[in-house]
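**Q** below is the structure, and that's it, no one-letter string:
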């Protein structure tokens, strides 16, 4: 019978729930019971031999009658039945002791494998204890098995010693539901009586193999060991033991000390915070003057006074309370200390910033709108800007004559060269219009804004038209400035422009333009006063701008013309007018000959007398 055909009850993993000591008692009882000689009947031998040679499946899987059941539960609660002989053996067939078995009979072996020795550890099985060896057949292939199948599964072989019955396999403790100690615990596992001690437990010292010490006893032992002095081994001295009550008292004292320290720290922080807050409020009130007196105080700031001196003067007069804070605040504001000397009226209700600003040059902020009238001269524009608090006269004059602006018309003016008798370099280019300026704007910013507007007005077509007429941009502006001043109304711009163009085209007959506006401008730039009327003596005024005494165009524009004057200077009316005269009411009379012109002069005089 091979290993795969072994009955279920002989499987090595099938164990009985029967205790170990009960199985031992059963084995001892079986050994004391006398053995019965096997019957050598022909039918029994044949059946036995046939069972060994060719067993049926029921014989392989079902144990013989009288053997213990494979069910562990039945084996645990019901003892095995007494051995019952399955076949009667006669005395005739009983072999004689000491006689040899017939050659055609097979040597009989026990029906069950030999039991596992008790000395083995639980869970370990001997190879010879649970694996039965099949009976060897004789040469003829037939034999008889003698013996009896009993409840203890014991039998005898002819000529061999009696074998002890095979005990039921004992299930390990883990499979029986017993408590198995975990690794590292001090609990000693149950072991079968007489079983040897495992090697890993035998190597432990006796002290370690003892019973586990309770947790409370271990803590008490450690406490006693910790409180003992290193000299406690001296004779006559006793180890001082600290009780749990003393430990709790000490811990409570430490906790109380920590709480007191925390409270002291919090109180200290609060007190310091209160003092810092009060100081910060007082300093902030002094810096920003939230709640201070409005009483006016007169002080004097000396020349070249430093910030420290100003702070001391303010503190002495009760304006501020913390001069050191004033100096620190001024340094944070990058104060340079350029205070203006003089007498000032201040009050404690003024903040540090307002006080510092009072002792300095006032710089206005914000914006303002300024309208430059059409036909204003450069001097009149400068005066208008200065009156509105933007820049200085000296600054404007320097910028107008020397500043390097990046515009094409200024580059053209410098390339062709300017007349040395020209009064201002940028005369005629400061376009009159309404502008919004910052009050803190510089002179260069203001002039650049006027030039940018002129660049927008004088488009590329104007430049082309000026080239067609044979004039430069500066000459067109000069003609436009004459038109702006001479015409009584915009409706006369084209006719006045035609008179100047006709005269310039006929220099032989009309070498001089004879414009009263040029005489007025010459007198105004030299004296600073604009004459209300032109006398015969004024017509002889010695100036390069006097077109009564100098031929051709003046050195430059006499005013800053409007867009209409510039346009009609480029596109004059197609007339043959050579003369014109204007009345006080703005009426202008034109003539082509000298005779017509003299008649127009008499008419204008009558018109002026009738007003």
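**A** Ah, there it is. For clarity, every value in this text was computed on a predicted model and none was experimentally measured. Residues are numbered from 1 along each chain as shown.
**Q** run through the strands of the protein in chain order.
**A** Assigned by DSSP state E, the chain shows strands spanning 297-301, 342-346, 367-371, 434-438, 579-582, 588-591.
**Q** looking at those strands, which is nearest to residue 495?
**A** Set against residue 495 and scored by Cβ to Cβ, these come closest in strand 588-591, at 5.6 Å. The C-beta positions use only the backbone N, C-alpha and C, and glycine is treated the same way.
**Q** give me the buried positions along the closest one.
**A** Residues of strand 588-591 classed as buried by neighbour count (16 or more other Cβ atoms under 10 Å): 588-591.
**Q** pLDDT check: weakest of those?
**A** Taking pLDDT as the measure, the buried residues of strand 588-591 have their low point at residue 588 (90).
**Q** grab the nearest non-local neighbour of residue 408.
**A** Nearest non-adjacent residue to residue 408, counting by Cβ to Cβ, 6 or more residues apart in numbering: residue 455, 7.8 Å away.
**Q** run a quick neighbour tally on the one you found.
**A** Other residues within reach of residue 455, judged by other Cβ atoms under 10 Å, total 15.
**Q** list the contacts of it.
**A** Listed by Cβ atoms under 8 Å, 6 or more residues apart in numbering, the contact partners of residue 455 are 407-409.
**Q** name the nearest of those residues relative to residue 353.
**A** For residue 353, the closest of these turns out to be residue 407, at 40.7 Å, with distances computed as Cβ to Cβ.
**Q** per-residue confidence for that closest one?
**A** Taken from the predicted model, the pLDDT recorded for residue 407 is 95.
**Q** again with the one 5 residues further on
**A** Per-residue pLDDT puts residue 412 at 93.
**Q** against residue 419, how distant is the nearest residue to it once chain neighbours are set aside?
**A** With Cβ to Cβ, 6+ apart as the measure, residue 473 is the residue that lies nearest to residue 412, at 6.2 Å, once sequence neighbours are left out. Using Cβ to Cβ, to the nearest Å, one gets 15 Å for the distance from residue 473 to residue 419.
**Q** who has more neighbours out of the two?
**A** Looking at residue 473 and residue 419 with other Cβ under 10 Å, you find the greater number of neighbours at residue 473, namely 20 against 12.
**Q** who's in contact with stretch 565-572?
**A** Residues from elsewhere that reach stretch 565-572, judged by Cβ under 8 Å, 6+ apart: 374-375, 457-458, 462, 465-466, 469, 476-477, 479-481, 483-484, 487, 493-498, 500-501, 561.
**Q** model confidence over that stretch, on average?
**A** Per-residue confidence for stretch 565-572 averages out to 95 on the pLDDT scale.
**Q** same check on stretch 491-499?
**A** The predicted model assigns stretch 491-499 a mean pLDDT of 94.
**Q** give me the contacts around it.
**A** In contact with stretch 491-499 (Cβ under 8 Å, 6+ apart) are residues 479-480, 482-483, 486-487, 564-565, 568-569, 571-575, 577-580, 588, 590.
**Q** list the contacts for residue 374?
**A** For residue 374, the contacting residues are 432, 484, 560-562, 565, by Cβ under 8 Å, 6+ apart.
**Q** what about residue 561, distance to residue 427?
**A** 10 Å.
**Q** which neighbours do those two have in common?
**A** Where contact means Cβ under 8 Å, 6+ apart, the residues bridging residue 561 and residue 427 through contact with each are residue 481.
**Q** any low-confidence regions in the stretch 451-600 of the chain?
**A** Judged against pLDDT under 70, the stretch 451-600 of the chain has no low-scoring part.
**Q** all helices of it, in order?
**A** Assignment of helices within the stretch 451-600 of the chain using DSSP state H, counting those that start in this stretch yields the ranges 460-469, 473-486, 493-505, 516-527, 563-570, 594-610.
**Q** per-domain residue ranges of the protein.
**A** When the chain is parsed with automatic domain parsing, its domains come out as 1-79+108-116+129-155+168-173, 263-362, 368-577.
**Q** okay if I get the ones you listed as TSV plus distance to residue 584?
**A** As requested, these are arranged in TSV below (distance: least, Cβ to Cβ, whole Å):
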stretch	distance to residue 584
domain 1-79+108-116+129-155+168-173	141
domain 263-362	45
domain 368-577	9
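**Q** give the contact list for residue 409.
**A** Neighbouring residues of residue 409 by Cβ under 8 Å, 6+ apart: 429, 454-455, 458, 473.
**Q** residue 394: which of those residues is nearest?
**A** Within those, distances to residue 394 taken as Cβ to Cβ reach their minimum at residue 429, with 20.1 Å.
**Q** residues near the nearest residue to the closest one once chain neighbours are set aside, how many?
**A** Once its chain neighbours are removed from consideration, residue 429 has its nearest residue in residue 454; the separation is 5.4 Å (Cβ to Cβ, 6+ apart). Summarising burial for residue 454: neighbours were counted as other Cβ under 10 Å, giving 21.
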